[in-house]
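*Asks:* Generate coordinates for the sequence data below:
(one chain, ligands or ions: 1)
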Amino acid sequence: MEEQIRLAAFNWLKEQVTLHGDILPRSLLVNGFHYNGERVTLIGPQGIWKPKIFHKIPISIATVCDGPYDDSLADDGSFIYRYRGTDPFHRDNVGLREAMKKQIPLIYFFGIVPSKYLAVWPVYIVNDNPNTLSFTVVADDMASIQEHLLKPATGIVSNESEYAIRRYITSSVKERLHQKSFRERVLLAYRQQCAFCRLKHAQLLDAAHIIPDGEELGDPIVTNGLSLCKIHHAAYDTNIIGVTPDYRIEVREDILYESDGPMLKHGIQALQSTRIILPRDKNAWPDKERLSIKYSRFLQTG
Ligand SMILES: [Zn+2]
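*Replies:* Coordinates of the predicted model:
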């Protein structure tokens, strides 16, 4: 029975991601869904959550992430999840230990910005570390469900190839987390609008890197980001539009005097010499050194 509800929860989450995108609002998860007339909630006030309908084993774990390099991201291809409190026998910790013994798949909600989560499932508890009051968690794919949910428990993953698969999936989850968290933090800093044209539809906004990802100063931090609509993101990346280190917009000269339709006129040329919209928090303003490197590239293309 509980197995079926877990599967229903995974399916429901999948639908929500289709509807809302990867980042889900907390309110949606608090309300959950109905299973045979009973409400199944997916997240609770504490990190470890067991809906009423379940006997003992939780359905999800959640963390709040307040930076790009959260300490829950261990280097060895796994996540570290802290016990609730310091008592290893608190019922929440006991519940997770039980999930480990029976290899029950869980959902991991990563808090990206306040009240918004990236959901990852299935995840498994693979180790209990009483010395550090934590569990080791890995992500897996839905193909593993068949094996671990519908068959009697066989314990921890036994062969090396399965271990390698989990390590691979877990590291791609980490990659996604970094990207999503960069996007959400940049959009939040700019109050969900394009820094060039004020367009406010999140579906049309990106977090643009000032210095591209992979370069020395290309860190996924807010001061290396600009919240830009799709067209302005592409125009900034390709040096059609530049931003001076004192936050002024410049349009490449040949484009500034080109004659074309309303998109060019109102969407690009009209930006010439205007000031970009900046975050309220000065600490989140674009880094002048990065802006200056990027601006010199813009000048070279002109
Ligand atoms: Zn724009």
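*Asks:* Number of residues surrounding Met142?
*Replies:* Neighbour count for Met142, taken as other C-beta atoms under 10 Å: 14. Every residue, glycine included, has its C-beta placed from N, CA and C.
*Asks:* quick one, what contacts it?
*Replies:* Counting by C-beta atoms under 8 Å, 6 or more residues apart in numbering, Met142 touches Phe10, Pro122.
*Asks:* Can you list phi and psi of it for me?
*Replies:* Main-chain dihedrals, Met142, degrees, to the nearest 10: phi -60, psi -20.
*Asks:* ok, now Phe79?
*Replies:* phi -110, psi 150.
*Asks:* where's the nearest residue to it once chain neighbours are set aside, which helix or strand?
*Replies:* Nearest non-adjacent residue to Phe79, counting by C-beta to C-beta, 6 or more residues apart in numbering: Val137, 4.3 Å away. According to DSSP states H and E, Val137 maps onto strand 134-139.
*Asks:* Settle this for me: the residue nearest to Phe79 is touching Ile61, isn't it.
*Replies:* Yes: in terms of C-beta atoms under 8 Å, Val137 counts as a neighbour of Ile61; the distance is 7.2 Å.
*Asks:* Find residues that contact each of those two.
*Replies:* In terms of C-beta under 8 Å, 6+ apart, Val137 and Ile61 are both contacted by the residues Tyr81, Tyr108, Val123.
*Asks:* Would you mind naming what in the stretch 151-300 of the chain lies close to the ion?
*Replies:* Cys194, Phe196, Cys197, Leu199, Cys229, His232 (C-beta under 5 Å from the ion).
*Asks:* Show me those residues that map onto strands.
*Replies:* Cross-referencing these against strands under DSSP state E gives Cys229.
*Asks:* So which of the residues of the stretch 151-300 of the chain next to the ion wins on neighbours?
*Replies:* That'd be His232 among those, by other C-beta under 10 Å, with 27 neighbours.
*Asks:* For it, list the residues it contacts.
*Replies:* With contacts defined as C-beta under 8 Å, 6+ apart, the neighbours of His232 are Cys194, Ala195, Phe196, Cys197, Ile241.
*Asks:* okay, now the closest residue to the last one other than its chain neighbours: neighbour count?
*Replies:* In other words, Ile241. Closest residue to Ile241 apart from its sequence neighbours, by C-beta to C-beta, 6+ apart: Ala235 at 4.4 Å. A count of nearby residues for Ala235, using other C-beta under 10 Å, gives 22.
*Asks:* Roughly how far does Ala235 sit from Gln16?
*Replies:* 33 Å (C-beta to C-beta, to the nearest Å).
*Asks:* Likewise for Asn283?
*Replies:* To Gln16, Asn283 is 33 Å away according to C-beta to C-beta.
*Asks:* Show me which of these two is the more surrounded one.
*Replies:* The neighbour comparison of Asn283 against Gln16 (other C-beta under 10 Å) goes to Gln16, with 18 against 8.
*Asks:* pretty sure the more buried one is in a helix, no?
*Replies:* Yes: remark: Gln16 belongs to a helix, assigned using DSSP: H, G, I helix; E, B strand; the rest coil.
*Asks:* Identify the residues contacting it.
*Replies:* By C-beta under 8 Å, 6+ apart, the neighbours of Gln16 are Leu24, Leu28.
*Asks:* want to throw the residues of the stretch 151-300 of the chain next to the ion into JSON lines with pLDDT?
*Replies:* Shown next, in JSON lines, are those (pLDDT from 0 to 100):
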{"residue": "Cys194", "pLDDT": "98"}
{"residue": "Phe196", "pLDDT": "98"}
{"residue": "Cys197", "pLDDT": "98"}
{"residue": "Leu199", "pLDDT": "98"}
{"residue": "Cys229", "pLDDT": "98"}
{"residue": "His232", "pLDDT": "98"}
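*Asks:* mind putting the residues of the stretch 151-300 of the chain next to the ion in a markdown table, distance to Thr301 included?
*Replies:* Below are those laid out as a markdown table (distance: C-beta to C-beta, whole Å):
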| residue | distance to Thr301 |
| --- | --- |
| Cys194 | 22 |
| Phe196 | 18 |
| Cys197 | 21 |
| Leu199 | 25 |
| Cys229 | 21 |
| His232 | 16 |
